[in-house]
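Peer 1: Below: sequence and its predicted model.
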Amino acid sequence: MEGMWARVVWGPLRQLGEQAVATLSSLVGILVLILLGLLVGWLAKQVVYGVLRALRFDRLCDRLGVGMLVERTGLARSSSYLAGEIVQGLIVLTALLAGLNALGTPLTTNLVERTFVYLPHILAAVLVLILGVLVSRFLGRSVLITAVNANLPSARLLAGVTRFFVMAVTVVAALDELGISRTTIIVTFAIMFGGLVTAAAIALGLGARDLARDLLLSQFRPKPSAEPKDTMHHL
Amino acid sequence: MAEAILSEHIAETLGGLGSLEVIVGIPSFNNVSTIGQVVKAAQEGLANYFKDRKALIVNSDGGSEDGTVEAVERAGTDTQALISVKYPLDPVHHLTTPYHGSPGRASAFRRLFQIAQAGQARALAVVDADLRDVTPEWFHSLLEPILSSEFDYVAPYYTRHKYDGTMTNSIIYPLLRALYGRRVRQPIGGEFGVSGRLASHFLKEEVWNTELARYGIDIWMTTTAIADNYKVCQSYVGAKIHEAEQGLDLSAVLVQVVGSVFNLMESHDLAWRNVLGSLPVPLLGSPFAVEPEPVSINRQRTWSSFQQAVRDLRTVYEQVFSSQQLKRLESCAAAPADAATIPDELWVSLIYELTLAYHRRVMDREHLLKSLAPLYLGWVASFARQTEGESAAQAERRIERLCLVFEQLKPYLINQWPLGSREKR
């Protein structure tokens, strides 16, 4: 009778208790890891923020145009603070994943593996976006200044179009890196770009045929200008 | 050092000539139409004014392919006193065009200084090969102050039309004067005289393979002569008539010339930081009786460039100028060309803000300097309106007033310039 009690009742209960203790210890372990991650993350954020501020990282970002972007989007109070928050987030995420991995279940192990495989793509996409913002601002400003110096009346429009296309290419590249509906995005972009060019060509051909003719004529067969010429030597 | 760099043939020629007193250097690059006249003027100048001194004319050529060197040989009557040397042109020299003079101008100067050093010359005069109006008197003006008065650097003082040299008048001269405290009216004249002592000093400087040498060698020489306390003077020469500036890209000129001044401000900040006011530089000789070429300015076009820039480049200027300065610019731009005015105080404060923005690298430096082009055109239109109907002397008095404002506002620049920035770099 006692043997039956031990086998049927106490055995499963002991097993359940052991499993509960093991699970509880895993949960405590996760909690400790997360708390540790939060603490280390907070410390890392303070260090990164302090070091970057000392190195005048904000000024560099302002020069590159990133500072204004951070300010306008309200992401953080400054670029160096944002960098600190990114570092903190990465550390907390790593701690969380390490904790989940410690559970050792197939579900959590699979989740951790997939996250680690996907993480580089996210980082690459963010880098592509940052680079795109910088390039679009630089090229936009180049076009703007050159167009103003050439007295082109639509200087701001040209600069805006330049920035738009660089950003459009950047977003497509970033989404492509993330693997989000790759084909759809590329096709959409191609259709949009082709559509814009076609629309512009039709508009010019139908609505501004004479203007186009005059522009080409003035470019390749310029009439002698009636305006007095500058003969000054700058130096 | 010079002997090692000069070719054997040149060293041999120089050795045969013995110790020289005077050298005339003529840098050239495809100047077949004008160089013969320049060489003849140099020969006449040496014969008329320095016949008792051992002299040499050196044509330093950058590899002309239009017969320039042959034109020099044809023009030379006394081959003993005339040599042609070649200076190397890097691929960069072929790709980029300096604001004036021949490509690789610094290399040409360096070669001339080496020859002066090797020949132990007391004085060297350098004139551009593209000059159309050079006379024998120019060489007397550039060499005599060194030989008789022990000056080290002779800057030219031209007779110019009131609208000629507008960039020199609005930015280069007033800024250099306020910075270094010496009134050299034509700091980037192109022609100059230099003593053997200063030529050797120039050769020792590590500037020759830099961008500064490529684009701003004239400004560098003037600045170095002043900052290193050499004896500097100015000497009257005639009217400055160069070949026409065809298809000149104004924004590129600003990048090269103003960029060179700003770069020198960074490397010489210890030399200008404690200077307030300015001192006159001796002006020798007497004005030549020459009439400068007439110059015309299309005020409507230059002012509309300024107006467009104030409207379209606001996002750029916001990063450089204060909101108050922007408001004042907008107020100026609202006026028609007939009333074009940029007050001196505003202009000077804009230039000082630009130097600070350049130093702090608030944006790409080339963008910053190129964005100055339409503002400069605005100043030109304003100056042309203010001096309409005025004589050259009256216009010169306006430039003098502008210079004084540059000097009065200099303490602001000193206060805003980061302390110890040189050490930090």
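Peer 2: Good, I have the coordinates.

Peer 1: all contacts plus neighbour counts: C-alpha atoms, from now on.
Peer 2: OK.

Peer 1: So which residues on the stretch 151-300 of chain B come close to chain A?
Peer 2: Where proximity means CA under 8 Å from any CA of the partner chain, the interface of the stretch 151-300 of chain B facing chain A comprises B:163-168, B:188-189, B:245, B:251, B:295-298.

Peer 1: redo that, cut-off 10 Å
Peer 2: Proximity of the stretch 151-300 of chain B to chain A (CA under 10 Å from any CA of the partner chain) is limited to residues B:161-170, B:172, B:186-190, B:241-242, B:244-246, B:248-251, B:253-254, B:257, B:293-300.

Peer 1: ok, of those, which come out buried?
Peer 2: Buried residues within those, counting neighbours by 16 or more other CA atoms under 10 Å in any protein chain shown: B:161-170, B:172, B:186-190, B:241-242, B:250-251, B:253-254, B:257, B:296-299.

Peer 1: who are the neighbours in contact with the one residue in the stretch 51-200 of chain B that gets nearest to chain A?
Peer 2: Shortest the stretch 51-200 of chain B-to-chain A distance, computed as CA to the nearest CA: residue-wise this is B:Gly165, at 4.2 Å. By CA atoms under 10 Å, 6 or more residues apart in numbering or on different chains, the residues touching B:Gly165 are A:Met232, A:His233, A:His234, A:Leu235, B:Ile172, B:Gln186, B:Gly189.

Peer 1: do the same with A:Cys61
Peer 2: Listed by CA under 10 Å, 6+ apart, the contact partners of A:Cys61 are A:Gly67, A:Met68, A:Leu69, A:Val70, A:Ser78, A:Ser79, A:Ser80, A:Leu134, B:Val362.

Peer 1: immediately after the host helix or strand of it, which helix or strand?
Peer 2: Assigning secondary structure by DSSP states H and E places A:Cys61 in helix A:57-64. Next along the chain after helix A:57-64, taking DSSP H and E as the criterion, comes helix A:66-73.

Peer 1: just for chain A, where's the confidence low?
Peer 2: Regions of chain A meeting the criterion pLDDT under 70 cover residues A:1, A:65, A:72-74, A:181, A:218-231.

Peer 1: What residues does it have near chain B?
Peer 2: Counting by CA under 10 Å from any CA, the residues of chain A that sit close to chain B are A:59-65, A:138, A:141-142, A:144-157, A:227-235.

Peer 1: after the helix or strand harbouring A:Gln88, next one along is what?
Peer 2: A:Gln88 belongs to helix A:79-103 when assigned by DSSP H and E. Per DSSP H and E, the first helix or strand lying C-terminal to helix A:79-103 is helix A:106-149.

Peer 1: Report the inter-axis angle for that following helix versus helix A:79-103.
Peer 2: Between helix A:106-149 and helix A:79-103, the angle formed by their directions is 160 degrees, by axes from the mean of the first three to the mean of the last three CA atoms, to 10 degrees.

Peer 1: can I see the domain layout of the chain?
Peer 2: With no chain named, the answer covers chain A. Domain segmentation of chain A under automatic domain parsing yields A:29-103, A:120-180, A:185-217.

Peer 1: To clarify, I was referring to chain B.
Peer 2: Per automatic domain parsing, the domain ranges recorded for chain B read B:2-284, B:299-424.

Peer 1: for the contacts of A:Cys61, which one is nearest B:Glu400?
Peer 2: Checking the contacts of A:Cys61 against B:Glu400 by CA to CA gives B:Val362 as the nearest, at 31.2 Å.

Peer 1: Run through the residues that contact the closest one.
Peer 2: With contacts taken as CA under 10 Å, 6+ apart, B:Val362 has the following neighbours: A:Arg59, A:Leu60, A:Cys61, A:Asp62, A:Arg63, A:Leu64, A:Gly65, B:Gln319, B:Val320, B:Leu354, B:Leu356, B:Leu368.

Peer 1: Those residues: which two are farthest apart?
Peer 2: Farthest pair in the contacts of B:Val362 (CA to CA) is A:Cys61 and B:Leu354. Separation: 19.6 Å.

Peer 1: quick one on the thing from earlier: test for you: state the pLDDT assigned to the residue of the stretch 51-200 of chain B closest to chain A.
Peer 2: Taken from the predicted model, the pLDDT recorded for B:Gly165 is 88.

Peer 1: How about B:Val184?
Peer 2: For B:Val184, pLDDT reads 94.

Peer 1: With B:Glu396 instead?
Peer 2: In this prediction, B:Glu396 carries a pLDDT score of 91.

Peer 1: and B:Phe383, how many neighbours does it have?
Peer 2: B:Phe383 has 23 neighbouring residues, counting by other CA atoms under 10 Å in any protein chain shown.

Peer 1: residue contacts, it?
Peer 2: The contact partners of B:Phe383, taken as CA under 10 Å, 6+ apart, are B:162-163, B:166, B:170, B:299, B:340-343, B:377, B:395, B:398-399.

Peer 1: could you dump these to TSV with distance to B:Gly18?
Peer 2: Shown next, in TSV, are these (distance: CA to CA, whole Å):
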residue	distance to B:Gly18
B:Lys162	46
B:Tyr163	46
B:Thr166	44
B:Ser170	46
B:Arg299	56
B:Ala340	60
B:Thr341	59
B:Ile342	57
B:Pro343	57
B:Leu377	52
B:Ala395	49
B:Arg398	50
B:Ile399	47
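
Peer 1: Mind checking which of these land in strands?
Peer 2: Counted as lying in strands by DSSP state E, out of these, is not a single one.

Peer 1: And for A:Glu2, the neighbour number?
Peer 2: The criterion is other CA under 10 Å. On that basis, A:Glu2 has 7 neighbouring residues.

Peer 1: ok, it to A:Val9 distance?
Peer 2: According to CA to CA, to the nearest Å, A:Glu2 stands 10 Å off from A:Val9.

Peer 1: re the thing from before, Provide a ChimeraX selection command restricted to the buried entries of the contacts of A:Cys61.
Peer 2: The following ChimeraX selection, which keeps only the buried ones among the contacts of A:Cys61, applies the criterion 16+ other CA under 10 Å:
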select /A:67,69,70,78,79,80,134 /B:362
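
Peer 1: Thank you, goodbye.
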